[in-house]
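> Just a sequence and a predicted model for now, questions to come.
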Amino acid sequence: MGSEGPLAPAVAVTVHVTGFKKFHGVSENPTETIVCNLKEYVKKKGLPKGLTLGSCSILETAGQGALASLYQTLQSAIGGKDSESSTSGKIIWLHFGVNSGATRFAIEHQAVNEATFRCPDELGWKPQKLPIILADGDISHTRQTSLPVEEITKALAKMGYEVMTSDDAGRFVCNYVYYHSLRFAEQNGNKSLFVHVPLFLTIDEDTQMQFAASLLEVLASLN
């Protein structure tokens, strides 16, 4: 796969995107800006062939207390309410979260069935070593994305982005949401991917918007 003009996929792809609001220590979450501006940005740039950008939602930076809104967002997409192509093609959930200490983008391979929050979430919950899904067993259980993380990372690196693969999405809200999304995706025949981004102070807003658009291009080219 080259960095220019990837082939259109055989199956139409709808990508639904989420970001997060501010949280403890991060007064302005870059993912809120990225996701809120993404539709307008890709409209100017042009979407890759075969790809539809579905819902772009901002989640509360919270675990248990935000589950109702998370599942409402997930369910509405598979119900075909956000896009006509939702029911006729492939659906990918793309979640953006910030890692304030990061210096590059990270494509997350998996989530762990453990909620251990270093600080209370935005609704005041601070679990310690709790399983996210009781039915999945103990806190060492993992769920992996079915998307080719290495291939996606290599394609983005060829485009010039500072990007890496990661097997550790932390144990905070990002991991919590990713774990639920991976389980939901598996149950409904969809795919899910989580991407950690740095602060805008580390990688500027324009570069991060370009990265998000390039990631959509790469996802569209996957068969």
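Noted; the coordinates are in hand. Residues are numbered from 1 along each chain as shown.
> could you say which helix or strand contains Y41?
Assigned by DSSP states H and E, Y41 belongs to helix 30-45.
> Give me the distance between the worst-scoring helix or strand of the chain on mean pLDDT and the centre of its chain.
Every helix and strand in the chain was compared by mean pLDDT, DSSP states H and E; the lowest is helix 67-78, with a mean of 88. From the chain centre to the centre of helix 67-78 is a distance of 14 Å (Cα atoms, centre = their mean, to the nearest Å).
> Report all helices and strands that it contacts.
Under the contact definition 3 or more Cβ pairs under 8 Å, 6 or more residues apart in numbering; DSSP states H and E, helix 67-78 sits against strand 13-20, strand 51-59, strand 90-98, helix 173-188. In this view, the C-beta of every residue, glycine as well, is placed from N, C-alpha and C.
> got TSV for those, with distance to T73 too?
TSV is the format used below for the helices and strands packed on helix 67-78 (distance: least, Cβ to Cβ, whole Å):
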stretch	distance to T73
strand 13-20	7
strand 51-59	5
strand 90-98	9
helix 173-188	10
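> Identify the residue spatially nearest to the spatially most central residue of the chain, adjacent ones excluded.
In the chain, the residue lying closest to the centroid (Cα atoms, centre = their mean) is H95, at 1.6 Å. Nearest residue to H95 in three dimensions, chain neighbours excluded: F194, at 4.5 Å (Cβ to Cβ, 6 or more residues apart in numbering).
> is it true that the one you found lies in a strand?
Yes. According to DSSP: H, G, I helix; E, B strand; the rest coil, the state of F194 is that of a strand.
> Make 58 the starting number, not 1.
I'll keep to 58 as the first residue from here, and by that count the last item is F251.
> For it, which residues are in contact?
H152, F153, G154, E165, A168, T202, A226, C231, V234, Y235, S238 (Cβ atoms under 8 Å, 6 or more residues apart in numbering).
> Now flag whichever of those residues is closest to K100.
For these, the minimum distance to K100 (Cβ to Cβ) is 18.6 Å, reached by F153.
> and the closest one, how many neighbours does it have?
Using other Cβ atoms under 10 Å, F153 is surrounded by 26 other residues.
> Surely it is in contact with P255?
No. Taking Cβ atoms under 8 Å as the definition, F153 is not a contact partner of P255, at 11.5 Å.
> Need the residues that contact stretch 260-275.
58, 63, 72, 87, 90-91, 94-95, 98-99, 102, 104-105, 108, 110, 151, 153, 160-162, 209, 212-213, 216, 218-220, 252, 254, 257.
> helix, strand or coil for R200?
Assignment for R200 (three-state DSSP): strand.
> So it versus A214, what's the distance?
From R200 across to A214, the span is 25 Å (Cβ to Cβ, to the nearest Å).
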